[in-house]
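Colleague: Everything below, folded, please.
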Amino acid sequence: MSTIAMKQARLVNGLTLPYAEAGYPGGVPVVFVHGLGESWASFEQVLRRLPTTLHGWAPTQRGHRDASRPDDGYRPEDFAADLVSFLDAAGIGRAVLVGASSGGVAARMVAGSHPDRVAGLVLCGVPATLEGKPGVAELGERIALLRDPLDQEAVEPFVSGLTVRPVAVEFLDRLREDAVHTPAGVWQQGFRGLLETDLPATLGGILVPTMVLWGDRDTFVPRADQEQQVKAVHGSRLVVYEGTGHCVHWEEPGRVTADLAGFAADLGLTPS
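Modeller: Numbers count the residues shown, from 1 in each chain. Got it, this is the predicted structure:
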């Protein structure tokens, strides 16, 4: 198992983002981008499994857990700008970006706007759009009702409600703690930012190699979204995880790690 080191990055905008670093120092750079209400720990199980061919970084995004908490700036474009600034602060010239759920929106925005910084893009359960999805209105209602201080009952639907396969209790407990320590205002501003963003437009201009991972029992993001992303990004491919829910990296971390390593190898990316 790979050792995880915890560090902090000071961004040019003054924000401080904690981040986890794991894998082989000379490995292909991979940066993981978590979703709303999470932290770097969303990818802990993947980070611990990184092979010697990969070098991973997983920042905690603004407003979440122990990251800086500005009063505003929780739109996808804000998270995307932070991601580019993080690459600079961590000294990462070019990396494979792995975005999960809403984190994939920021990742693909960076892939489209800064192709020189992105060697490849991996999207895990990422929505192409939020329009017309029956679960979106219900999710919005739940988020609108959140009030500080949050408790585990309030955030439970955002954790256990996303999985199908059994997941370690200790890992789910960590995810609950991350959700509880994300202020209600961050949840609400982040979700509103997604609703107000033209998500299909964020698929434009992506020219980097792309792999889309999706669990076929994902009740929030349907297969049609994944096919829309594959159609929009030339040369991309869809990998379906049968019997898996929304967060494939929680339920199948070993397979996600293997698919990621294979993706990097297929791109001709090799350790330095």
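
Colleague: can you give me the helices for this structure?
Modeller: 44-47, 76-89, 103-113, 134-144, 152-155, 169-180, 184-196, 223-232, 248-251, 253-266 (DSSP state H).

Colleague: Looking at these, spot the one closest to L15.
Modeller: helix 76-89 (6.8 Å; CB to CB). In this view, the C-beta of every residue, glycine as well, is placed from N, C-alpha and C.

Colleague: quick one: that closest one to helix 103-113, angle?
Modeller: With axes from the mean of the first three to the mean of the last three CA atoms, to 10 degrees defining the directions, helix 76-89 sits at 70 degrees from helix 103-113.

Colleague: what packs against helix 76-89?
Modeller: strand 5-10, strand 16-23, strand 28-33, strand 54-59, helix 103-113, helix 184-196 (3 or more CB pairs under 8 Å, 6 or more residues apart in numbering; DSSP states H and E).

Colleague: who wins for proximity to A137 among these?
Modeller: Per CB to CB, nearest to A137 of the helices and strands packed on helix 76-89: helix 184-196, 10.3 Å.

Colleague: hmm, back to that, can you redo the helices and strands packed on helix 76-89 as a markdown table, where the extra columns are mean pLDDT and distance to V248?
Modeller: Output for the helices and strands packed on helix 76-89, formatted as a markdown table (pLDDT from 0 to 100; distance: least, CB to CB, whole Å):
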| stretch | mean pLDDT | distance to V248 |
| --- | --- | --- |
| strand 5-10 | 98 | 25 |
| strand 16-23 | 97 | 19 |
| strand 28-33 | 98 | 13 |
| strand 54-59 | 98 | 16 |
| helix 103-113 | 98 | 12 |
| helix 184-196 | 97 | 20 |
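
Colleague: Tabulate those in JSON lines, adding columns for distance to G204 and mean neighbour count.
Modeller: As requested, the helices and strands packed on helix 76-89 are exported to JSON lines (distance: least, CB to CB, whole Å; neighbours: other CB atoms under 10 Å):
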{"stretch": "strand 5-10", "distance to G204": "29", "mean neighbour count": "13"}
{"stretch": "strand 16-23", "distance to G204": "27", "mean neighbour count": "21"}
{"stretch": "strand 28-33", "distance to G204": "19", "mean neighbour count": "28"}
{"stretch": "strand 54-59", "distance to G204": "25", "mean neighbour count": "25"}
{"stretch": "helix 103-113", "distance to G204": "6", "mean neighbour count": "26"}
{"stretch": "helix 184-196", "distance to G204": "17", "mean neighbour count": "18"}
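
Colleague: Out of the ones you listed, which is closest to G254?
Modeller: Comparing the helices and strands packed on helix 76-89 by CB to CB, strand 54-59 comes nearest, at 13.7 Å.

Colleague: and that closest one, which strands flank it?
Modeller: strand 16-23 (antiparallel), strand 28-33 (parallel) (DSSP bridges).

Colleague: For those strands, could you give me JSON lines that also reports distance to R142?
Modeller: What follows is the strands paired with strand 54-59, written out as JSON lines (distance: least, CB to CB, whole Å):
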{"stretch": "strand 16-23", "distance to R142": "27"}
{"stretch": "strand 28-33", "distance to R142": "23"}
